[in-house]
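Novice: Requesting a structural model of the entry that follows:
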Amino acid sequence: MSILVNEKSKVLVQGITGREGMVRTRLMKDYGTRVIAGVTPGKGGQDVYGVPVYDSVKQAWEECGELDISVIFVPAFLVKEAALEAIDAGVKLMVLIPDRVPINDVLEIVHFSKQKGAWFVGPNTLGLVSPEKAVLGMIGGRAESAREWFVPGPIGVSSRSGGMTSAISYYLTKAGWGQSTIIHVGGDAVVGLSHPEVMLLFEDDDETELMVMFGEIGSTQEERVADLVSSGRIQKPVVAYIGGKAAKSGTRFSHAGAIVEGSRGSHESKVNLLRKAGVHVVDAVSEIPKKAGQLLKERGKRDE
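Specialist: Predicted coordinates:
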């Protein structure tokens, strides 16, 4: 099974007539995602690759019926307005692609989404993919690549790095292990669905048997995963790699969400807490497929 998106999900693209919106709409449609509407104010009546364009999310909802997900490709300073419009119309999941969205704007989206019972992934995310079901965002680049790199299987992947989201999944595929859903949670300091929330969704998914997490220095996402494992809320095996081992206090590693402040969020603290909780922390990304395969085989034997 998949989490967050499947082949039946009805998808809206906000900013569909922009350069990125058009290119990624083609990726999503070519992959098989049910993109049924687009929104660009003032461009209503047009179409993009056969997808009708409306002036507002409310108009799209009225014309097309209930919309499950909105993928947002607008400039960073317009992301808050677009997300709040989608949430207000009734959309329950947003994927915020742009980077450099002001933190205060993200906090407003967090507050409003909680009020309305909605979720969002990002900002600063490549999106997510449920193999052979749907792509949201830009993961894979082209539909042909996404079909080759990602195949259905029992491993849920959650990553804070866009490049490593695809790379880890590709390595798993080449090793013969498919994925249930692959998520780039986003690289900013404040994001919607972070590692802990994603891991809980995988834990409750009947067909996800093991989780892979690519973590980084900065924030407390990985420490909170360790707490969930220690408390028993997460019982499925978790394989993790933490980037940024050489970073010193105050260092910014890769992107805004990966900044060490004192010992908080450091590589050492994350690795120690995860290992103490029982998470299988590997020392190299290349070790992930081997460790995941070993654990799945052991899990299979226990389930027999």
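Novice: Tell me how this structure divides into domains.
Specialist: According to automatic domain parsing, the chain comprises the domains 1-124, 150-304.
Novice: Where among the ones you listed is average confidence lowest?
Specialist: Lowest mean pLDDT within these: domain 150-304, at a mean of 90.
Novice: mind saving the C-alpha coords of stretch 15-35 as PDB?
Specialist: The C-alpha trace of stretch 15-35 is given here as PDB (Å, rounded to 0.1, in the frame of the first residue of the first chain):
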ATOM      1  CA  GLY A  15       0.900  27.700 -10.700                       C
ATOM      2  CA  ILE A  16       0.300  25.200 -13.500                       C
ATOM      3  CA  THR A  17       1.000  27.800 -16.300                       C
ATOM      4  CA  GLY A  18       4.400  28.700 -15.100                       C
ATOM      5  CA  ARG A  19       7.600  27.100 -16.500                       C
ATOM      6  CA  GLU A  20       8.000  24.600 -13.600                       C
ATOM      7  CA  GLY A  21       4.300  24.000 -13.300                       C
ATOM      8  CA  MET A  22       4.000  23.000 -16.900                       C
ATOM      9  CA  VAL A  23       7.100  20.800 -17.000                       C
ATOM     10  CA  ARG A  24       6.200  19.000 -13.700                       C
ATOM     11  CA  THR A  25       2.500  18.600 -14.700                       C
ATOM     12  CA  ARG A  26       3.800  16.700 -17.800                       C
ATOM     13  CA  LEU A  27       5.900  14.400 -15.500                       C
ATOM     14  CA  MET A  28       3.000  13.700 -13.200                       C
ATOM     15  CA  LYS A  29       0.500  13.100 -16.000                       C
ATOM     16  CA  ASP A  30       2.900  10.900 -18.000                       C
ATOM     17  CA  TYR A  31       3.600   8.800 -14.900                       C
ATOM     18  CA  GLY A  32      -0.200   8.300 -14.400                       C
ATOM     19  CA  THR A  33      -1.000  10.700 -11.600                       C
ATOM     20  CA  ARG A  34      -4.600  11.900 -11.800                       C
ATOM     21  CA  VAL A  35      -4.000  15.600 -12.400                       C
END
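Novice: Compare the domains of the chain and report which one is nearest to Ile139.
Specialist: Closest approach to Ile139 among the domains of the chain is made by domain 150-304 (6.2 Å; CB to CB). Using the backbone N, CA and C atoms, a C-beta is placed for each residue, glycine as well.
Novice: which phi and psi does the residue nearest to Ile183 when sequence neighbours are not counted have?
Specialist: Distances taken as CB to CB, 6 or more residues apart in numbering place Leu128 nearest to Ile183, at 4.3 Å, with adjacent residues excluded. Main-chain dihedrals, Leu128, degrees, to the nearest 10: phi -150, psi 160.
Novice: Determine the number of other residues adjacent to Leu128.
Specialist: Other residues near Leu128 come to 30 when the count uses other CB atoms under 10 Å.
Novice: Ok, Glu66 next?
Specialist: 10.
Novice: Show me what stretch 290-304 is in contact with.
Specialist: Contact with stretch 290-304 is made by 154-155, 172, 175-177, 209-210, 212, 237, 239, 280, 282, as judged by CB atoms under 8 Å, 6 or more residues apart in numbering.
Novice: Could I get the CA-only coordinates of that stretch as CSV?
Specialist: Provided in CSV are the C-alpha atoms of stretch 290-304 (Å, rounded to 0.1, in the frame of the first residue of the first chain):
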residue,chain,number,x,y,z
LYS,A,290,22.3,-4.5,2.4
LYS,A,291,21.1,-3.7,5.9
ALA,A,292,17.5,-3.3,4.8
GLY,A,293,17.6,-6.6,2.9
GLN,A,294,19.1,-8.4,5.9
LEU,A,295,16.4,-7.1,8.2
LEU,A,296,13.6,-7.9,5.8
LYS,A,297,14.8,-11.5,5.4
GLU,A,298,15.0,-11.8,9.2
ARG,A,299,11.5,-10.3,9.5
GLY,A,300,10.2,-12.8,6.9
LYS,A,301,11.5,-15.7,8.9
ARG,A,302,9.9,-14.4,12.1
ASP,A,303,6.6,-14.0,10.4
GLU,A,304,6.6,-17.6,9.0
